[in-house]
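> coords please:
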Amino acid sequence: MISLDGVEHRVETVSASAARALHDLLDDDGGEPPADGDELPPLWHWLAFFPRARQRDLGEDGHPASGLLPPMPGLRRMHAGGELDIDAGVRVGEPLERTTTVSDVQVKSGRTGELTFVTTHAVVRSATGRLRERTDLVYRRPAGSTRAGEAEPAGGWDVERTVPVDPTVLFRFSALTYNAHRIHYDRDYAAAEGYPGLVVHGPLQAVLLVRLAGAVAGGPVRRFRYRACAPAYDSADLVLRARRRGPGDIELAAFAAGVRTMSATATR
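Numbers count the residues shown, from 1 in each chain. Have a look, this model is predicted:
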């Protein structure tokens, strides 16, 4: 439900079957998937709050053409980053109450032209927990091609993991999060937008990085910040890297073909 003052209020649940599906997608060998009553891993609340729209209300790119976010006709929408603070964990199977507001809209100039940045803030509450989340989205005009970043040296990291990426991984993550953005599964559409391949979801990279953070920290992560740096494509596996910056503080990054595609920090 969206109110007239630009606030969205929803109550949803992450089912055990949805949690099992993401666990299987990630090829997680760290134990059994979360069951009813177990605490959700960081960011897995996204399995509950997927976009709502009738098929006829989708735009050409697959995004809902209306809703809480301001209309941006003719612009590309990308997930630019965000932040999650876990005051207390929420659990599988319990009702999750989320209130979301659009907190900021700014127009800036970048190397690819005019950019519109939209920031939302959300609070997710349950009987057992509370999450605070910021999401950063960027809208830009279509371009003839998409520039990649520069390759970086691979040294200086404590931990490195390689995650295979192919169209089935992208399709399954799109299905789990009800993400109809065509750049993740429609190769012809992605090429028409200037991408050399199917685009790896920013949220998928964030889920992978925060999972690595928990493994490196040896315990649950309570704060996670992430920022997209460059697109990643299905033509190259993701390489996840992490290093400790102090007691409980971890720096992380995702790379594809040597190019940093996402930076992140995590705190226990």
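> what is the end-to-end distance of stretch 63-83?
Using Cα to Cα, to the nearest Å, the gap from the first to the last residue of stretch 63-83 comes to 22 Å.
> can you pull out the helices in the protein?
Defined through DSSP state H, the helices belonging to the chain, from first to last, are 16-25, 167-177, 187-192, 202-217.
> any idea of the angle the first one forms with helix 202-217?
Orientation check (axes from the mean of the first three to the mean of the last three Cα atoms, to 10 degrees): helix 16-25 against helix 202-217 gives 80 degrees.
> just the CA trace of helix 16-25, in CSV.
As requested, the backbone C-alpha atoms of helix 16-25 are provided in CSV (Å, rounded to 0.1, in the frame of the first residue of the first chain):
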residue,chain,number,x,y,z
ALA,A,16,11.2,-21.5,4.5
SER,A,17,10.9,-22.6,0.9
ALA,A,18,12.1,-19.3,-0.4
ALA,A,19,15.1,-19.4,2.1
ARG,A,20,15.9,-22.9,0.9
ALA,A,21,15.8,-21.8,-2.7
LEU,A,22,18.3,-19.0,-2.2
HIS,A,23,20.5,-21.3,-0.1
ASP,A,24,20.5,-23.7,-3.0
LEU,A,25,21.2,-21.0,-5.6
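> from the contact counts, what lies against that helix?
Using 3 or more Cβ pairs under 8 Å, 6 or more residues apart in numbering; DSSP states H and E as the contact criterion, the elements in contact with helix 16-25 are helix 167-177. In this view, the C-beta of every residue, glycine as well, is placed from N, C-alpha and C.
> list the buried residues in the helix it packs on.
Going by neighbour count (16 or more other Cβ atoms under 10 Å), the buried part of helix 167-177 is 169, 170, 173, 174, 176, 177.
> do stretch 242-262 as well
So for stretch 242-262, counting by 16+ other Cβ under 10 Å, buried means 242, 250, 251, 252, 253, 254, 255, 256, 259, 260, 261, 262.
> specify the beta-bridge partners of the closest residue to residue 87 other than its chain neighbours.
Using Cβ to Cβ, 6 or more residues apart in numbering and skipping residues adjacent in sequence, the residue nearest residue 87 is residue 130, 4.3 Å away. For residue 130, the beta-bridge partners under DSSP bridges are residue 88, residue 125.
> pretty sure residue 197 sits against residue 235.
Yes: assessed by Cβ atoms under 8 Å, residue 197 is found in contact with residue 235 at 4.6 Å.
> quick one on the thing from earlier: show me what contacts the residue nearest to residue 87?
Remark: with contacts taken as Cβ atoms under 8 Å, 6 or more residues apart in numbering, residue 130 is in contact with 87, 88, 90, 123, 124.
> what do you get for residue 160?
Counted by Cβ under 8 Å, 6+ apart, residue 160 has contacts 154, 239, 240, 241.
> report pLDDT for the closest residue to the third one other than its chain neighbours.
This points to residue 240. Counting by Cβ to Cβ, 6+ apart, the nearest residue to residue 240 once its immediate chain neighbours are dropped is residue 161, at 4.7 Å. With respect to pLDDT, residue 161 has a value of 95.
> could you check how far residue 161 is from residue 6?
When Cβ to Cβ, to the nearest Å is the yardstick, residue 161 and residue 6 sit 40 Å from each other.
> where's the residue nearest to residue 131 when sequence neighbours are not counted relative to residue 88, distance?
Counting by Cβ to Cβ, 6+ apart, the nearest residue to residue 131 once its immediate chain neighbours are dropped is residue 124, at 4.1 Å. Counting by Cβ to Cβ, the separation of residue 124 from residue 88 is 11 Å.
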